[in-house]
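[1] model this:
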Amino acid sequence: MKHTTRVIAAITGVIVVLLALAACGGNPNKSTRSSTGTSPAPVNCPAAKLTIDPTTLTASTPTVAILGATGPGISYYQSDVTTVLNSSTNSKAHVLVNGVGDPGTAPDLAANTVLIGDGPNEAIRKHNLECKTAAVTRATSGTVAAAPTAPQPNVFGALNTLAGNLKGNPSKAPVDVVLLSPLSAAAGGVDLSNAATLKDPVVAINQLAAQGLIPDCTGWQFYAVGADRGMPDARAAQLKEFWRQFALKCGGQLVAWTAHLSQFPTDGAIQAADTSQLPVVKDPVKIVATLKDVTFDDGQADFRPEAAGQLDQLLALTQQTQGSILVDGYTDIQTTETTEWLNSLSTARAQAVADWLVAHGVDRARLHADGHGPTDLIYPSPATADEHQANRRVTVTLYRQADA
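    The predicted structure is shown next:
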């Protein structure tokens, strides 16, 4: 009787192994060292067993897209791939891997799988999941790494490719887009390695949009990893602001800008540049900002170079409101000019601000500009050059809600 029991147990064990072999193409217990040498990698994982079963994609399936710079430099991001993969495995996510490189050479769908183990029993499901996670790792450290290195990775093209990959995706969950690449991209005449481009991101973004180079990324959450390696701090801050505004333009949000991922996923969008340099008064109905001190020279309606920072901060405020924007210009007191001339100058200053906002994407229908000459002076009897300068200003009132 005992002998019979042992025989049955042995036969049962053989059957389980055979089932594993049938499902995964080999021995589920056999493994080799991974390319990193840190963990065993499963063998006998045929590609046919790693493709997506459409029935596993639902409206709630998380989607994670890893876009990696082509060439051996992708090795810099090895720990980030591990961080993303561990989280994606726990959430049973749909994971895609694409390359970011030159058009025509960047891998497309180097991996495309749902991290759920398939099979008739636990042993087979476990091995199948190991095969899938190993496929994602190979896609980055193998396929993407083997593709030609691009001197300036075409990130814009990679994002448009991803948008095409996700067409028809039934998931309504946010899409986590992990950018493992330098982000000084170039396309459509926009070159993010150019300092002048980064000083005016809205113009560059509008140029990309006019050429159809900005995809619909509604619900996408962007993780920029190692995006500004080797860049001076000031240039890195400008690049970060470009991508923050780019994400908003296409319907998503930038949620991480970091050398390496300390956690994944994360919540909360990166905020706009600090507006503390721009005097702002807020209440539940409106925001009042005052462009002053360095905005205009005496007798001029042209912006001084120092005004650029405050104008950028004002633009960020327009993106936080939906209502009307009133632009009111003021001049310094003058004994040598007529009131009519001063009123005209203040109107020109207000109009200059309104025109700048329109050129940077604000709907002109929201704007109303007016000049008030030397009225409502901050310093009614200015005694210093700084006090005269402070009187030359434009006040911008932004209403939070659109008119009913």
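
[2] so which elements touch the helix or strand hosting residue 342?
    Counting by DSSP states H and E, the element that carries residue 342 is helix 339-359. With contacts defined as 3 or more C-beta pairs under 8 Å, 6 or more residues apart in numbering; DSSP states H and E, the packing partners of helix 339-359 are helix 308-318, strand 325-330, strand 367-371, strand 393-399. (Glycine included, C-beta is placed from N, CA and C.)

[3] of those, which stretch is the most buried?
    Mean neighbour count, computed with mean count of other C-beta atoms under 10 Å, is highest for strand 325-330 among those, reaching a mean of 24.

[4] for that strand, list the C-alpha coordinates in PDB.
    What follows is strand 325-330, C-alpha atoms only, in PDB (Å, rounded to 0.1, in the frame of the first residue of the first chain):
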ATOM      1  CA  ILE A 325      -7.900  88.800 -17.400                       C
ATOM      2  CA  LEU A 326      -7.800  92.600 -16.900                       C
ATOM      3  CA  VAL A 327      -4.400  94.300 -17.800                       C
ATOM      4  CA  ASP A 328      -4.100  97.800 -16.400                       C
ATOM      5  CA  GLY A 329      -1.000 100.000 -17.200                       C
ATOM      6  CA  TYR A 330       0.400 102.900 -15.200                       C
END
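
[5] would you double-check that residue 246 falls in a helix?
    Yes. Residue 246 sits within a helix when classified using DSSP: H, G, I helix; E, B strand; the rest coil.

[6] hang on, the earlier thing: I'd like the helices and strands packed on helix 339-359 as TSV, with distance to residue 254 appended.
    Shown next, in TSV, are those (distance: least, C-beta to C-beta, whole Å):
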stretch	distance to residue 254
helix 308-318	14
strand 325-330	25
strand 367-371	27
strand 393-399	23
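
[7] neighbours around residue 107, how many?
    22 (other C-beta atoms under 10 Å).

[8] right, and it touches residue 69 too?
    No. Counting by C-beta atoms under 8 Å, residue 107 sits too far from residue 69 to count as a contact (11.4 Å).

[9] hey, what's in contact with both of these two?
    99, 144 (C-beta atoms under 8 Å, 6 or more residues apart in numbering).

[10] in the helix holding residue 342, what counts as buried?
    Under the neighbour-count criterion of 16 or more other C-beta atoms under 10 Å, helix 339-359 has 342-354, 356-357 buried.

[11] quick one, domains of this structure?
    Structural domains annotated on the chain: 31-258, 280-399, as defined by automatic domain parsing.

[12] any idea how far the last one is from the chain center?
    Pointing back at domain 280-399 there. 32 Å (C-alpha atoms, centre = their mean, to the nearest Å).

[13] and the average pLDDT for that domain is what?
    The pLDDT scores in domain 280-399 average 87.

[14] quote the end-to-end distance of that domain.
    End-to-end span of domain 280-399 (C-alpha to C-alpha, to the nearest Å): 13 Å.

[15] residue 296: how many residues sit nearby?
    By other C-beta under 10 Å, neighbour count at residue 296 equals 27.

[16] cool, residue 212 as well?
    Residue 212 has 9 nearby residues by other C-beta under 10 Å.

[17] let's verify it: helix, strand, or coil?
    Reduced to three states with three-state DSSP, the structure at residue 212 is coil.

[18] how near is it to residue 160?
    From residue 212 across to residue 160, the span is 8 Å (C-beta to C-beta, to the nearest Å).

[19] what do you get for residue 403?
    In this view, residue 403 and residue 160 are 36 Å apart by C-beta to C-beta.

[20] and if you look at residue 78?
    From residue 78 to residue 160 the distance is 27 Å (C-beta to C-beta).

[21] and the helices in the stretch 201-350 of the chain?
    Taking DSSP state H, counting those that start in this stretch as the criterion, the stretch 201-350 of the chain carries its helices at 201-210, 233-250, 308-318, 339-359.

[22] residue 169: how many residues sit nearby?
    Using other C-beta under 10 Å, residue 169 has 15 neighbouring residues.

[23] on that earlier part again, need the domains of the chain in CSV (columns: distance to residue 266).
    Listed next are these as CSV, based on distance: least, C-beta to C-beta, whole Å:
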stretch, distance to residue 266
domain 31-258, 5
domain 280-399, 22
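
[24] so which of those domains is nearest residue 265?
    Among the domains of the chain, domain 31-258 comes nearest to residue 265, with 5.5 Å by C-beta to C-beta.

[25] tell me the contacts of residue 236?
    Contacts of residue 236 by C-beta under 8 Å, 6+ apart are residue 228.

[26] pLDDT score for it?
    84.

[27] swap in the one 10 residues further on?
    In the prediction, the pLDDT value recorded for residue 246 is 96.

[28] buried residues in stretch 161-180?
    By 16+ other C-beta under 10 Å, the buried positions in stretch 161-180 come out as 161-163, 165-166, 171, 173-180.

[29] again, but for stretch 378-397
    Those buried within stretch 378-397 under the rule 16+ other C-beta under 10 Å are 382, 387, 389-397.

[30] and of the residues you listed, the nearest to residue 292?
    Residue 292 lies nearest to residue 393 out of the buried residues of stretch 378-397, by C-beta to C-beta, at 3.7 Å.

[31] residues in contact with the nearest residue to that closest one once chain neighbours are set aside?
    Of all residues not flanking residue 393 in the chain, residue 292 sits nearest, at 3.7 Å (C-beta to C-beta, 6 or more residues apart in numbering). Applying C-beta under 8 Å, 6+ apart, one finds that residue 292 lies in contact with 279, 378, 389-390, 392-394.

[32] burial check on residue 148, number of neighbours?
    Neighbour count of residue 148, defined by other C-beta under 10 Å: 12.

[33] so for it, what's the pLDDT?
    96.

[34] still on that earlier bit, now tabulate the contacts of residue 292 in CSV and tack on distance to residue 330.
    Formatted as CSV, the contacts of residue 292 follow (distance: C-beta to C-beta, whole Å):
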residue, distance to residue 330
279, 14
378, 8
389, 12
390, 10
392, 7
393, 5
394, 7
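
[35] out of the residues you listed, which comes closest to residue 243?
    Of the contacts of residue 292, the one sitting nearest to residue 243 (C-beta to C-beta) turns out to be residue 279, at 27.8 Å.

[36] just confirm that closest one contacts residue 290, I think it does.
    Yes. Counting by C-beta under 8 Å, residue 279 does reach residue 290; the two are 4.6 Å apart.

[37] thanks a lot, see you next time.
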